[in-house]
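Participant: this one's structure only:
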């Protein structure tokens, strides 16, 4: 690679993304690893659960909410599972992503066990009949994992572009809400983006819900 290629905008953005991912993942291991970290994560999960319930109630004031796209978090990601279990107990259907090459497919979660995913950056996957790549067009809300987001609505994921491609299948107006730890909501412009990155509509953390604007 020559000097010009090293300083190209695309290379600069890719390098910035790589460094941000490294920094956040290191911080997650420090803060949420081990027994003390697990206790903190469990406590924050209950706060996230409460704020998520308020978000769901607000969305239901405007339209019915019958199906939500969600995901199984990795051990150091913000724990959205208590909220999801509440939603399922209320009769809301939950679909989870499963690895399908360069894209996501979706499975309706029946409350059963999860198995390890072959996908890079994935949490565990549910088992069941796959609904296809366009199943995101049947949901009323997308809860998406992220490494970090900023206040302009920019999101950085794990680097494979799964969600950036997948959200193109949702119905117009369906909100995409990233779920992260409070310290992973960054000031405007702190998340590097390129043309393939899809903006999000809001962010849910243990500190509360915040609507975002691009």
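Facilitator: It's in. A quick note: this is a predicted structure, and the numbers were derived from the prediction, not measured.

Participant: mind pulling up the phi and psi values for the spatially most central residue of the chain?
Facilitator: The residue lying closest to the centre of the chain (C-alpha atoms, centre = their mean) is residue 145, at 1.5 Å. The phi/psi pair for residue 145 (degrees, to the nearest 10) reads phi -70, psi 160.

Participant: Which residues are in contact with the residue nearest to it when sequence neighbours are not counted?
Facilitator: Leaving aside its sequence neighbours, residue 145 sits nearest to residue 71 (C-beta to C-beta, 6 or more residues apart in numbering; 5.3 Å). In short, each C-beta sits where N, CA and C put it, glycine included. Counting by C-beta atoms under 8 Å, 6 or more residues apart in numbering, residue 71 touches 80, 96-97, 122-123, 143-145.

Participant: rewinding a little: report the beta-bridge partner residues of the residue nearest to the centre of the chain.
Facilitator: Beta-bridge partners of residue 145, counted by DSSP bridges, are residue 179.

Participant: sorry, back to before: before we move on, which element is the residue nearest to residue 145 in?
Facilitator: If you go by DSSP states H and E, residue 71 is not part of any helix or strand.

Participant: can you give me phi and psi for it?
Facilitator: Here is the backbone geometry of residue 71 (degrees, to the nearest 10): phi -160, psi 160.

Participant: Now do the same for it: its pLDDT.
Facilitator: What the model reports as pLDDT for residue 71 is 94.

Participant: Quick one: residues contacting residue 187.
Facilitator: If a contact means C-beta under 8 Å, 6+ apart, then residue 187 has 150-151 as its contacts.

Participant: how much space between it and residue 150?
Facilitator: Using C-beta to C-beta, to the nearest Å, residue 187 is found at 6 Å from residue 150.

Participant: go on, residue 94?
Facilitator: Counting by C-beta to C-beta - residue 94 and residue 150 are separated by 27 Å.

Participant: Is residue 47 in a helix, a strand, or coil?
Facilitator: Residue 47 falls in the helix class when you classify it by DSSP: H, G, I helix; E, B strand; the rest coil.

Participant: what comes up buried for stretch 63-75?
Facilitator: 65, 67-74 (16 or more other C-beta atoms under 10 Å).

Participant: Now do the longest strand seen in the chain, average pLDDT.
Facilitator: Secondary structure of the chain per DSSP state E: the longest strand is strand 93-100. For strand 93-100, the per-residue pLDDT values average out at 92.
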